[in-house]
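**Student:** my questions concern the predicted model and sequence given below.
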Amino acid sequence: MRVALVHDWLTGMRGGEKCLEVFCQLFSSADLYTLVYAPEKVSPTVRRMNVKTSFVNGLPSSKRAYRYYLPLFPTAIERLDLGRYDLILSSSHCVAKGIFPHRALHIAYVHAPMRYIWDQHDSYFGAGSGWVSRTAMSMCRSYLQQWDVRSANRVDYFIANSHNVAAKIKQLYGRAAAVIYPPVEVERFNLHPDLRTYYLIVSALVPYKRIDIAIDAFNRLGLPLKIAGEGPLQEKLRKLAQPNIEFLGWVSDEELAALYRGCQALVFPGEEDFGITPLEAQASGRPVIAYSRGGALETVVPLESGGSEPASGVFFTKQTAESLLTAVQFFQKNRHRFEPAEIRQHACKFSRERFKAQISDYIAARVSEQKPKRSHVEAL
């Protein structure tokens, strides 16, 4: 089969790109289409693909400021010519699912519906954003929402990365979605008996991650907090932080693994559609202090759940510094109740091998179902 992969943009290696890596392994001879491509920011697995880009890739500062071109994304994705393929597998949290499939079977793996125009709009374009971006989005949000809903009809089958996202797909597009959890490279992480005193955040420094409330809480607590990650809010967040908070910027895979296994706990203050970092921390045997919304409800077992599974974290119920501060204090009093080996065992249920097998089986089943239909149409 002639296969095309479609991914929104390739400017870093986050959770969505980890899923894409598996797609690249399954279909190593496929063509990979994307809006913007920065080869130095992606893994060798992705770089080995035959990557084709949109016209956005040639616009000024597109590798760094691609989000400013958001109103152009629907046109850019629709102009990509995928007329010669039999199977299209899109990996979408923005517009990738809106590709024209022509005669191909189109399976969309959705990390989230376009968060900039739906549930995370206020985080990106609220009072704290610049007036230019707020004005521009107020003019094009309705168009983008209409396009997003309309383009869902170009998908034959949806796969969601969580039940949380499956519910959003049903609400926004009126479509059912299978649920296949994203992969966690559990083999990269391991247990270590010597813990340090610091807490850890691993995150892009963007508005909806709510790093600001974590900084506020740890300013008051005076506990050491390390923040690994980059993003447009970096300078603003640095100015808020007291000396007990350290910004590490980008870190290598080896450094990240060491940070996880040495921390007291991972702090996860944002609402994610799924969220890979809590599972990476748990693969290192470390608990998670998370906001009790979104994907964390599917990956973290709270201490007071009363269920049969061993606890792997603590939830806080309000997205405020006060609520997080209380959760950290509760964790400190109860951290002896967490068993690192049991926490890691829980994370191993989300392994890369499991994801690869489930995706492969799902695609094979859909292709098998489609072949008789396509053959019948061609015969007519």
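**Tutor:** Arrived safely.

**Student:** tell me where the stretch 1-150 of the chain has helices.
**Tutor:** 15-26, 44-47, 62-65, 73-79, 121-125, 131-151 (DSSP state H, counting those that start in this stretch).

**Student:** I'd like the average pLDDT over the last one.
**Tutor:** Within the predicted structure, the mean pLDDT of helix 131-151 is 84.

**Student:** what do you get for stretch 38-45?
**Tutor:** 94.

**Student:** span of that stretch from start to end?
**Tutor:** Stretch 38-45 has an end-to-end distance of 14 Å (criterion: Cα to Cα, to the nearest Å).

**Student:** neighbouring contacts of that stretch?
**Tutor:** Under the criterion Cβ atoms under 8 Å, 6 or more residues apart in numbering, residues Leu10, Thr11, Gly12, Met13, Glu17, Glu21, Cys24, Gln25, Arg47, Val51, Lys63 lie in contact with stretch 38-45. All C-beta spots, glycine's among them, are computed from the backbone N, C-alpha and C.

**Student:** then stretch 321-338?
**Tutor:** By Cβ under 8 Å, 6+ apart, stretch 321-338 touches 199, 213-214, 216-218, 220-221, 223, 264-265, 267, 269, 287, 289, 291, 303, 311-312, 314-317.

**Student:** just to revisit the earlier point, may I see the helices of the stretch 1-150 of the chain organised as JSON lines, with mean neighbour count and distance to Ala296 added?
**Tutor:** Shown next, in JSON lines, are the helices of the stretch 1-150 of the chain (neighbours: other Cβ atoms under 10 Å; distance: least, Cβ to Cβ, whole Å):
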{"stretch": "helix 15-26", "mean neighbour count": "21", "distance to Ala296": "13"}
{"stretch": "helix 44-47", "mean neighbour count": "15", "distance to Ala296": "27"}
{"stretch": "helix 62-65", "mean neighbour count": "15", "distance to Ala296": "30"}
{"stretch": "helix 73-79", "mean neighbour count": "19", "distance to Ala296": "28"}
{"stretch": "helix 121-125", "mean neighbour count": "17", "distance to Ala296": "17"}
{"stretch": "helix 131-151", "mean neighbour count": "14", "distance to Ala296": "25"}
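
**Student:** His93: which of these is closest?
**Tutor:** helix 15-26 (5.9 Å; Cβ to Cβ).

**Student:** CA atoms of the closest one as CSV?
**Tutor:** Presented in CSV, the C-alpha positions along helix 15-26 are these (Å, rounded to 0.1, in the frame of the first residue of the first chain):
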residue,chain,number,x,y,z
GLY,A,15,4.2,13.4,23.3
GLY,A,16,2.6,13.7,19.9
GLU,A,17,6.0,13.2,18.2
LYS,A,18,6.6,10.0,20.3
CYS,A,19,3.5,8.6,18.8
LEU,A,20,4.6,9.7,15.3
GLU,A,21,7.9,7.8,15.9
VAL,A,22,6.0,4.6,16.2
PHE,A,23,4.0,5.4,13.0
CYS,A,24,7.3,6.0,11.2
GLN,A,25,8.6,2.6,12.4
LEU,A,26,5.4,0.8,11.2
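
**Student:** in terms of secondary structure, what does it contact?
**Tutor:** strand 3-7, helix 44-47, strand 87-92, helix 352-379 (3 or more Cβ pairs under 8 Å, 6 or more residues apart in numbering; DSSP states H and E).

**Student:** would you list the ones you listed in CSV and tack on distance to Tyr208?
**Tutor:** Below are these laid out as CSV (distance: least, Cβ to Cβ, whole Å):
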stretch, distance to Tyr208
strand 3-7, 20
helix 44-47, 25
strand 87-92, 18
helix 352-379, 24
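
**Student:** which one of the ones you listed lies nearest to Ser151?
**Tutor:** Nearest of the helices and strands packed on helix 15-26 (Cβ to Cβ): strand 87-92, 9.9 Å.

**Student:** with distance to His102 as added columns, please give the contacts of stretch 38-45 in a markdown table.
**Tutor:** Formatted as a markdown table, those follow (distance: Cβ to Cβ, whole Å):
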| residue | distance to His102 |
| --- | --- |
| Leu10 | 23 |
| Thr11 | 27 |
| Gly12 | 30 |
| Met13 | 30 |
| Glu17 | 26 |
| Glu21 | 26 |
| Cys24 | 22 |
| Gln25 | 25 |
| Arg47 | 27 |
| Val51 | 20 |
| Lys63 | 29 |
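
**Student:** distance to Glu298 added to the helices of the stretch 1-150 of the chain, as TSV?
**Tutor:** Shown next, in TSV, are those (distance: least, Cβ to Cβ, whole Å):
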stretch	distance to Glu298
helix 15-26	14
helix 44-47	26
helix 62-65	33
helix 73-79	29
helix 121-125	21
helix 131-151	24
